[in-house]
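S.K.: Compute the structure for the input listed below.
(3 chains)
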Amino acid sequence: MPQTLKACAPPSYPMAPRMIPVTRFIRESQDVFTFDLAAEHATPFTPGQFNMLYAFGVGEIPISISGDSEAPERLTHTIRAVGPVSAALGKLQAGDQVGLRGPFGVGWPVEEAKGFDVLLIAGGIGLAPLRPVIYWLLRHRAAYGRVGVLYGARTPDDLIFRSEVEEWRRTPDFQLRVAVERAGPEWTGDVGYVTPLLSKLRFDATEAVAMICGPEVMIRATALALEDAGLADSRIFVSMERNMKCAIGHCGHCQFGPLFICKDGPVHRYGRVRSLLSYREL
Amino acid sequence: MAAQVDGAMAIVTVEGLEALLQAIQARGYRAVGPTLENQAIVYDDIESINDLPRGWTDEQDGGRYRLMRRSDDALFGYSVGPQSWKKFLHAPKLRLWTAERHGENTTVTPEASPNDRLAFIGVRACEIRAIEIQDRVLISDLYVDPHYQALRARALIVAVNCGQAGGVCFCASMQAGPRVKQGFDIALTELLDGGEHVFLVEAGSEEGHALLAPIPHRAASDDEIEAAAAVIERTASSMGREMRSDDLNELLMSNLEHPRWDEVATRCLTCANCTLVCPTCFCTSVEDVSDLAGERAERWRRWDSCFTMDFSYIHGGSVRASAKSRYRQWMTHKLATWIDQFGSSGCVGCGRCIAWCPVGIDITEEVRAIRGCDAAAEEPQ
Amino acid sequence: MKDIADLLRHHPFAEGLDEDTLSLIAGCAKNVVLQPGDYLHREGAAADSFYLVRHGAVALETFVPGRGSFTFLTVKSGEILGADWLIPPYRSSFDARAIELTRAIAFDGKCLRGKCEADPRVGYEMMKRFIPPLVKRLQSARMQALGMYDAANA
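M.R.: Okay, the predicted model is just below:
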């Protein structure tokens, strides 16, 4: 059963942002930062949904919510500075205002996955949209089978949420492997690509749900590896990224074949997108 | 007596039509309709039927649009030009909101919805279908475009059954025309052959009925009703183009790697003309502007096109960098994935994309080319 | 004490291998224990061994002057280590350093090559076991070379 936002009525004017103050700014790595927004202005969200964030006078970009959907006192976003808007957002300080529209989109199937083993595979900043799922799983641990998280990043310096990752690693009954592509001698974890680490996780492929977030190349490779391991394509979920201007299915930019990434996604069942992913430049 | 009682047809003269146009304006509508400008028939404000392109027609083909004189005084004796009514309902450029900074706080003020009452004079069947298609996209889902909705809800549609088919028309193939069947307040059929220049009129709404009531008219004879039907029948059977449309979703989506996409890409200039003239293309982008002091900012929405590089840009590059992929996106969206998304084709067979393509790419020919080489789907004889 | 064939039998590399072949190749193998920091082989040195890691972790590294050593792959329990012994001139391309206490089965490369050469059936059995992990590593190395994590955004 896909999850959709039903918690609140759509805002009357879906294109105008609300201006919300930043309450906390954290630098995660050289080019990644996290900030919290004052929650009294926030609306409920489900893990995997995104907001459109506006930097005054510069522009607006879609950013997945990286915080806890059940602790709405903080509305958290984690962003990599790659363009003018994300760079402008990266210069904000506590007290500055950010424009926000949302939440939008269909998130991760945390309800559907109840009773199943859950595998989360994140690449790079793809861990941010999956962090709400990790919070959810930790809060509702008994409702799920075995849990495994794989997280791949470029180098140890590029890892985000480092102290939390260490907490999760120490959590009983919570398998976590972190792989970097290259590391200095101080790194004692895995070095290599993230996908082969699947073989290190214990799970029952016939009773498992997988959620993948990362670059599209990684999504394709990981989904195939999961299928090879025995997961049905209907139990694999992937988060897609495309250009977005409106987030409400009106601007046309985020189309991917018949899908609008903004309203049909960003999280899609792999079985729905696997053939589309096989075409270049779709 | 009213112009139309219980669905009966009435006849009004050219003078009667002028009276109708005056009545529409007297009722507070801003009338817009076809006018001659820059050697094309475009939609603009009209005050009188004298502003209509009386006695003009057009000749259209792939990459070709020419105005010509008619041998009569027909007011609607041409097919559709480069513009469509979307320029009024779904503005090419629109400010969405204004933000102002006051110290630490910023206030965002949404642009007020327009309260114009527009009367569209001379709307063709394919164009009504196009408006219905944009209604589906912009005001029929979870989120509603308030600007479109405000204009659409108040708009009056005076439709015209086409008296002739243009060289690039294929509305009959798309079941979008030429007969106006629904979605109008008033529908006209121009009758020129009976020795008298008159219009068969029909009301399609309460508003249309109220407007027609005081207009001088007489009841339509069976012959006149038959003559009007014959006009539409003649138009339907003389379409300039044809395109089998019942299987396009499967045909195109199973041929995403067809060599024809490479071939059409050698001709396509990715100029975006087809998307701008298309009456259903709805894509937009947004632009942020701010003053030099950094105290005031605005967001503007403008028409965009899937033919631009920027359209699919995600940091690092465009998803659809090649001309092939952009043409394929446009055509497969229009004819195939639109059906998945909105329950109907995005094409109404108006032919604008054919006439206004600078190199004359013909969507009906591209479909035929793909169908021709697709062993699974032979064109029926 | 378990003999070498016994240790071999419990490594995934030998899964499904018939007893005759197992005993045959066990003749080329010995049990090794490496302390953290011990090198299994060094870049440019003769590649005369092939390892099955039983427990522990080994880093494959290269050294960049002024920047130190870089690890590009870690090899862990149940995996194989070493490919250079297969192809002339049998020279190690990288450093391999134990980063944990590591127990492994070490094969004499020349001995193993000889047995494969003498009996192509044994050679084919070995090839079927070497090639899959090597191809998987090649695939991963390509993904790493593309640096694709940079292409992801939230």
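S.K.: Which parts of the stretch 51-200 of chain B are strands?
M.R.: Secondary structure of the stretch 51-200 of chain B (DSSP state E, counting those that start in this stretch): strands at B:56-61, B:64-69, B:93-102, B:105-110, B:118-123, B:156-161, B:186-191, B:198-203.
S.K.: so what strands line up beside the last one?
M.R.: For strand B:198-203, the paired strands and their directions (DSSP bridges) read strand B:10-13 (antiparallel), strand B:186-191 (antiparallel).
S.K.: hmm, back to that, in JSON lines: the strands of the stretch 51-200 of chain B, plus mean neighbour count and mean pLDDT.
M.R.: From N, CA and C alone the C-beta is placed, and that goes for glycine too. Below are the strands of the stretch 51-200 of chain B laid out as JSON lines (neighbours: other Cβ atoms under 10 Å in any protein chain shown; pLDDT from 0 to 100):
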{"stretch": "strand B:56-61", "mean neighbour count": "19", "mean pLDDT": "98"}
{"stretch": "strand B:64-69", "mean neighbour count": "13", "mean pLDDT": "97"}
{"stretch": "strand B:93-102", "mean neighbour count": "16", "mean pLDDT": "95"}
{"stretch": "strand B:105-110", "mean neighbour count": "14", "mean pLDDT": "93"}
{"stretch": "strand B:118-123", "mean neighbour count": "25", "mean pLDDT": "98"}
{"stretch": "strand B:156-161", "mean neighbour count": "24", "mean pLDDT": "98"}
{"stretch": "strand B:186-191", "mean neighbour count": "25", "mean pLDDT": "97"}
{"stretch": "strand B:198-203", "mean neighbour count": "24", "mean pLDDT": "97"}
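S.K.: now the helices for chain C?
M.R.: Assigned by DSSP state H, chain C shows helices spanning C:4-9, C:19-26, C:109-118, C:120-146.
S.K.: what does the stretch 1-150 of chain A have sitting close to chain C?
M.R.: Proximity of the stretch 1-150 of chain A to chain C, by Cβ under 8 Å from any Cβ of the partner chain, involves residues A:63-64, A:66, A:77-80, A:82, A:123-126, A:128-129.
S.K.: Run through the stretch 251-381 of chain B and note the low-pLDDT ranges.
M.R.: Within the stretch 251-381 of chain B, the ranges that satisfy pLDDT under 70 run B:373-381.
S.K.: One more pass at 50, please.
M.R.: Low-confidence segments of the stretch 251-381 of chain B, defined by pLDDT under 50: B:375-381.
S.K.: Quickly note the distance from the nearest residue in space to residue A:203 that is not next to it in sequence to residue A:58.
M.R.: Spatial nearest neighbour of residue A:203, excluding adjacent residues (Cβ to Cβ, 6 or more residues apart in numbering or on different chains): residue A:117 at 4.2 Å. Residue A:117 sits 43 Å away from residue A:58, taking Cβ to Cβ, to the nearest Å as the criterion.
S.K.: So if I had to pick from these two, which one is more boxed in?
M.R.: Applying other Cβ atoms under 10 Å in any protein chain shown to residue A:117 and residue A:58 shows that residue A:117 carries more neighbours, namely 23 against 17.
S.K.: Pull up the per-residue confidence for that one.
M.R.: Here, the pLDDT recorded for residue A:117 equals 98.
S.K.: Go ahead and confirm it touches residue A:149.
M.R.: No. With contact defined as Cβ atoms under 8 Å, residue A:117 does not count as touching residue A:149 (12.0 Å).
S.K.: and residue B:39, how many neighbours does it have?
M.R.: By other Cβ under 10 Å, the residues close to residue B:39 number 9.
S.K.: check contacts around it.
M.R.: Applying Cβ atoms under 8 Å, 6 or more residues apart in numbering or on different chains, we find residue B:39 in contact with residue B:67.
S.K.: Could I get the pLDDT score of it?
M.R.: 94.
S.K.: what's it sitting at in phi/psi?
M.R.: Dihedral pair for residue B:39: phi 60, psi 30, per degrees, to the nearest 10.
S.K.: if we can go back for a sec, relative to chain A, which of the helices of chain C is closest?
M.R.: Chain A lies closest, by Cβ to the nearest Cβ, to one member of those: helix C:120-146, at 3.6 Å.
S.K.: Skip the chain neighbours and tell me the closest residue to residue C:9.
M.R.: Among residues not flanking residue C:9 along the chain, residue C:22 sits closest, at 6.4 Å (Cβ to Cβ, 6+ apart).
S.K.: what's the answer for residue B:364, then?
M.R.: residue B:243 (4.1 Å).
S.K.: So which bits of the helix or strand containing residue A:135 are buried?
M.R.: Element membership for residue A:135 (DSSP states H and E) is helix A:127-139. By 16 or more other Cβ atoms under 10 Å in any protein chain shown, the buried positions in helix A:127-139 come out as A:127, A:128, A:129, A:130, A:131, A:132, A:133, A:134, A:135, A:136, A:137.
S.K.: Contacts for stretch A:89-98 next, please.
M.R.: A:19-25, A:33, A:35, A:37, A:53-56, A:61, A:79, A:81, B:104-106.
S.K.: coming back round to it: now render the helices of chain C as a markdown table, adding mean neighbour count.
M.R.: Conversion of the helices of chain C to a markdown table gives the following (neighbours: other Cβ atoms under 10 Å in any protein chain shown):
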| stretch | mean neighbour count |
| --- | --- |
| helix C:4-9 | 17 |
| helix C:19-26 | 16 |
| helix C:109-118 | 15 |
| helix C:120-146 | 15 |
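S.K.: Any chance of these in JSON lines with mean pLDDT as columns?
M.R.: Formatted as JSON lines, these follow (pLDDT from 0 to 100):
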{"stretch": "helix C:4-9", "mean pLDDT": "94"}
{"stretch": "helix C:19-26", "mean pLDDT": "96"}
{"stretch": "helix C:109-118", "mean pLDDT": "96"}
{"stretch": "helix C:120-146", "mean pLDDT": "93"}
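S.K.: Can you name the helix or strand that the nearest residue to residue A:45 once chain neighbours are set aside falls in?
M.R.: Computed as Cβ to Cβ, 6+ apart, the closest residue to residue A:45 that is not its neighbour in sequence is residue A:103, at 4.0 Å. Per DSSP H and E: residue A:103 is located in strand A:97-104.
S.K.: Could you look up the next helix or strand downstream of that strand?
M.R.: Using DSSP H and E, the helix or strand that follows strand A:97-104 towards the C-terminus is strand A:117-123.
S.K.: Can you tell me which helices and strands that next one packs against?
M.R.: The helices and strands touching strand A:117-123, judged by 3 or more Cβ pairs under 8 Å, 6 or more residues apart in numbering or on different chains; DSSP states H and E, are helix A:127-139, strand A:147-153, strand A:208-213, helix A:216-229.
S.K.: Can you tell me how far the closest residue to residue B:350 other than its chain neighbours is from chain A?
M.R.: Nearest-residue entry for residue B:350: residue B:126, 4.5 Å, with adjacent residues in sequence omitted and distances by Cβ to Cβ, 6+ apart. Using Cβ to the nearest Cβ, to the nearest Å, residue B:126 is found at 21 Å from chain A.
S.K.: Let me know the outermost residue of chain A.
M.R.: What lies farthest from the middle of chain A is residue A:185; by Cα atoms, centre = their mean that is 30.0 Å.
S.K.: Check the contact between it and residue C:71; I expect there is one.
M.R.: Yes. Look at residue A:185 against residue C:71 with Cβ under 8 Å: they come within range, at 7.2 Å.
S.K.: shared neighbours of these two, anything?
M.R.: With Cβ under 8 Å, 6+ apart, residue A:185 and residue C:71 have common neighbours C:59, C:61.
S.K.: Below-threshold pLDDT in the stretch 1-150 of chain A: ranges please.
M.R.: Counting by pLDDT under 50, the ranges of the stretch 1-150 of chain A that qualify are A:1-11.
S.K.: Quick one: name the residues of it near chain B.
M.R.: Counting by Cβ under 8 Å from any Cβ, the stretch 1-150 of chain A sits next to chain B at A:10, A:12-19, A:21, A:56-60, A:82-83, A:95, A:97, A:99.
S.K.: List buried members of the residues you listed by neighbour count.
M.R.: Listed as buried from the residues of the stretch 1-150 of chain A next to chain B are A:13-19, A:21, A:56-60, A:82-83, A:97, A:99; burial here means 16+ other Cβ under 10 Å.
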